[in-house]
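I'd like to go over a predicted model; first the sequence, then the structure.
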Amino acid sequence: MNQIQTLFSSFSKKRVLIVGDVMIDSYIIGKVERVSPEAPVPVVDVTGFDQRLGGAGNVALNVKAMGATPILCTVVGHDKEGKDLRDIMIQNGLTCNALIHSDKRKTTNKTRVLGNNHQLLRIDHEITSDLDVVDTFLLEQRFSEELENCDVVIFEDYNKGVLHSKNIQALIKKCLAKGIPTVVDPKKANFLEYKQVTLFKPNLKEIKEGLKLENDMSDRESVNDAIEQLMGTLNNDMTLVTLSERGVVIKTKTDSHHIPAHIRTIADVSGAGDTVVCLAALCLSAKTDAKTLAELSNLAGGLVCEKTGVVPINKEQLLAEAIRILA
């Protein structure tokens, strides 16, 4: 068994704690053949419905697909959507032990109306204000309990209020105290709150917005300068920046690597970032070197882009490609 096969086999022993915003991606699917006489809008003749896990839930599905055990720690509403989310998690073989239901929250549900394979409308059902004091306490309590048996923590921040300036550092400190590595998939609002994490994973747009940079960062030097500025602020151990068709850059406190993208037939980029952060976290938990971590994350993100829709990575396909390209 070669080094990559050994690494992939080790993932089955890993427990990954994922804290942050989970949501339902709902789809109303139909065909359009006429315009409504009531208003200038298409009439959708509904042919089907679909519900999938989104946000941190999609990261959990990727972790499970790689053979590891994901634990979703989040706060959702005490509503129909919250029950639906719990049911979807159970259907996908995910534990609900760290799922907290609150009467003060709505479960985020993004409903997309599709007609003739085109999105016509999106309806968002959500609350994006920060958790209140009670729900913040309950989240931290559940997080601490689950942290006892985990190998790595992923912060999945979609700016929906589960992660906020008052609890991010508290959660990171709990991880630091136990020596558990942390991975962050950030968004704009809390971008600079994640100090002293192990790995920070923004994309190009996020790092530009988070640092309020004006240049287009089209060259390697400007990307490196931005990463230097970011790491100086966050004091994190490593930064992995996804550059779309240009691949990824990973920088530690001592070295840096640019991994070019592999030639792909791109069908859909949705969910690729979730796959990248999943592989990064698993490699980190296995103490993989930074270059291998970046190479595998880059490969995984590219592979899911060949599939239509948000789908988790196929472990066997990734392993075969990793052996072919990296071994």
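On my side now, so go ahead.

the residue nearest the centre of the chain is in what secondary structure piece?
When CA atoms, centre = their mean is applied to the chain, the residue found nearest the centroid is Asp274 (3.5 Å). If you go by DSSP states H and E, Asp274 is part of helix 272-285.

again with Leu318
Using DSSP H and E, Leu318 maps to helix 315-326.

the stretch 151-300 of the chain: strands as residue ranges?
For the stretch 151-300 of the chain, the strands defined by DSSP state E, counting those that start in this stretch occupy 152-156, 182-185, 199-200, 238-242, 248-252, 256-259.

among those, which is nearest His101?
Relative to His101, the nearest member of those by CB to CB is strand 152-156, separated by 18.6 Å. In short, each C-beta sits where N, CA and C put it, glycine included.

packing partners of that closest one?
Here strand 152-156 touches strand 15-20, helix 56-65, helix 168-178, strand 182-185, helix 272-285, going by 3 or more CB pairs under 8 Å, 6 or more residues apart in numbering; DSSP states H and E.

model confidence over it, on average?
Average pLDDT, strand 152-156: 98.

the helix holding Asp274 packs against which elements?
Here helix 272-285 touches strand 15-20, helix 56-65, strand 152-156, strand 182-185, strand 199-200, strand 238-242, helix 290-304, going by 3+ CB pairs under 8 Å, 6+ apart.

will you turn those into TSV that also has mean neighbour count and distance to Thr74?
Formatted as TSV, the helices and strands packed on helix 272-285 follow (neighbours: other CB atoms under 10 Å; distance: least, CB to CB, whole Å):
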stretch	mean neighbour count	distance to Thr74
strand 15-20	25	6
helix 56-65	26	6
strand 152-156	28	9
strand 182-185	27	14
strand 199-200	27	20
strand 238-242	25	23
helix 290-304	24	23
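
could you export the helices and strands packed on strand 152-156 as a markdown table, including distance to Glu38 and mean pLDDT?
Below are those laid out as a markdown table (distance: least, CB to CB, whole Å; pLDDT from 0 to 100):
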| stretch | distance to Glu38 | mean pLDDT |
| --- | --- | --- |
| strand 15-20 | 41 | 98 |
| helix 56-65 | 36 | 96 |
| helix 168-178 | 47 | 98 |
| strand 182-185 | 42 | 97 |
| helix 272-285 | 39 | 94 |
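
I'd like these as JSON lines, with distance to Leu114 appended.
Converted to JSON lines, the helices and strands packed on strand 152-156 look like this (distance: least, CB to CB, whole Å):
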{"stretch": "strand 15-20", "distance to Leu114": "27"}
{"stretch": "helix 56-65", "distance to Leu114": "19"}
{"stretch": "helix 168-178", "distance to Leu114": "36"}
{"stretch": "strand 182-185", "distance to Leu114": "26"}
{"stretch": "helix 272-285", "distance to Leu114": "21"}
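
neighbouring contacts of the helix or strand encompassing Leu85?
Counting by DSSP H and E, the element that carries Leu85 is helix 80-91. Residues outside helix 80-91 that contact it (CB atoms under 8 Å, 6 or more residues apart in numbering): 22-24, 51-53, 57, 72, 76, 95-96, 99, 101, 106-109, 125.

buried sites along that helix?
Across helix 80-91, burial judged by 16 or more other CB atoms under 10 Å covers Glu81, Gly82, Asp84, Leu85, Arg86, Ile88, Met89.

go on, stretch 130-143?
In stretch 130-143, counting by 16+ other CB under 10 Å, buried: Asp130, Leu131, Asp135, Thr136, Leu139, Glu140, Arg142, Phe143.

and it, how far out from the chain middle?
Here the centre of stretch 130-143 is set off from its chain's centre by 21 Å, with CA atoms, centre = their mean, to the nearest Å.

report the mean per-residue pLDDT for it.
98.

which outside residues touch it?
With contacts defined as CB under 8 Å, 6+ apart, stretch 130-143 is touched by 17, 19, 73-75, 98, 100, 102, 104-105, 161-162, 164-167, 170-171, 174.

then that stretch to CSV, C-alphas only?
The C-alpha trace of stretch 130-143 is given here as CSV (Å, rounded to 0.1, in the frame of the first residue of the first chain):
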residue,chain,number,x,y,z
ASP,A,130,-26.4,36.6,15.7
LEU,A,131,-27.5,33.9,18.2
ASP,A,132,-28.7,35.4,21.5
VAL,A,133,-26.9,34.8,24.8
VAL,A,134,-28.8,31.6,25.6
ASP,A,135,-28.4,29.9,22.2
THR,A,136,-24.7,31.0,22.2
PHE,A,137,-24.2,29.3,25.6
LEU,A,138,-26.0,26.1,24.4
LEU,A,139,-23.9,26.0,21.2
GLU,A,140,-20.6,26.4,23.2
GLN,A,141,-21.7,23.7,25.7
ARG,A,142,-22.5,21.2,22.9
PHE,A,143,-19.4,22.1,21.1
